[in-house]
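Participant: what's the 3D shape of this:
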Amino acid sequence: MNIISIDPAVSKKIAYAVFLEDRLRFYDLVDEVIDVKDVLASGLDLEIVVTEDMYNGPDFNVVKRLCYTVGEIRILAHMYGLECRLIPPWAWKKHHGILIKKPAAREAHKAAKAFEDKVQFEIIKQYTGKEIQDEDLRAAVLIGMCYIEKARMGAV
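Facilitator: Prediction:
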């Protein structure tokens, strides 16, 4: 399966990961969704664009801007004749066993986040052999891994 998985963002760079024949081949950060078009047009025989679906967050303006970003991703996929699949954040985190309810207390929240980051790092390192430090790149890789693994099981 040849896919590109994208972790949308509004206040930082957008992360993407490209999997060819189910293996992670490369990943990068871009400033805007339109910057991903070069990858889509590169002749990699991509089949599907997978991106994170939006959720009801505490800041309506951020959620709205993220929805616009996901809309741009869907339009770009359509322009290149690619199917676009959405995966909610809780779904890919649950799939990888890292869905953690973060406590309200500030210090406990930091500890839970640090634990989640470490687990994400180790999952990717075991699966790909790569040590990815950036949390958004890790999210893009884990979104792609989740989709590929679910597709193998016929669950997408």
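Participant: contacts, neighbours, all on C-alpha from now
Facilitator: OK.
Participant: immediately after the helix or strand harbouring Lys64, which helix or strand?
Facilitator: Assessed by DSSP states H and E, Lys64 sits inside helix 60-79. Next helix or strand after helix 60-79 toward the C-terminus (DSSP H and E): strand 83-87.
Participant: Can you give me every residue that contacts the most centrally placed residue in the chain?
Facilitator: Residue closest to the mean C-alpha point of the chain, counted by Cα atoms, centre = their mean, is Ala140 at 2.9 Å. Applying Cα atoms under 8 Å, 6 or more residues apart in numbering, one finds that Ala140 lies in contact with 5-7, 15-17, 51.
Participant: can you tell me how far it sits from Thr51?
Facilitator: Computed as Cα to Cα, to the nearest Å, the Ala140 to Thr51 distance reads 8 Å.
Participant: what is the residue nearest to Val36 when sequence neighbours are not counted paired to in the beta sheet?
Facilitator: The shortest distance from Val36 to any non-neighbouring residue, by Cα to Cα, 6 or more residues apart in numbering, is to Val30 (7.2 Å). Bridge pairing for Val30 (DSSP bridges) gives the partners Ile14.
Participant: Do I have it right that Val30 meets Val10?
Facilitator: No - distance between Val30 and Val10: 11.4 Å, which falls outside the contact criterion (Cα atoms under 8 Å).
Participant: Dump stretch 41-61 to CSV, restricted to CA.
Facilitator: Taking Å, rounded to 0.1, in the frame of the first residue of the first chain, the C-alpha atoms of stretch 41-61 are listed here in CSV:
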residue,chain,number,x,y,z
ALA,A,41,2.7,15.0,-8.1
SER,A,42,6.0,13.2,-7.8
GLY,A,43,4.9,9.9,-9.5
LEU,A,44,5.2,7.8,-6.3
ASP,A,45,2.0,5.9,-7.2
LEU,A,46,0.3,7.0,-4.0
GLU,A,47,-3.2,5.5,-3.5
ILE,A,48,-4.5,7.2,-0.4
VAL,A,49,-4.1,10.3,1.7
VAL,A,50,-4.7,9.7,5.4
THR,A,51,-5.1,12.6,7.8
GLU,A,52,-6.2,13.2,11.3
ASP,A,53,-9.8,14.0,11.7
MET,A,54,-10.8,16.9,13.9
TYR,A,55,-12.2,16.8,17.4
ASN,A,56,-14.1,19.2,19.7
GLY,A,57,-11.3,21.0,21.5
PRO,A,58,-11.4,23.8,24.1
ASP,A,59,-10.6,26.6,21.7
PHE,A,60,-13.2,27.0,18.9
ASN,A,61,-10.9,29.2,16.8
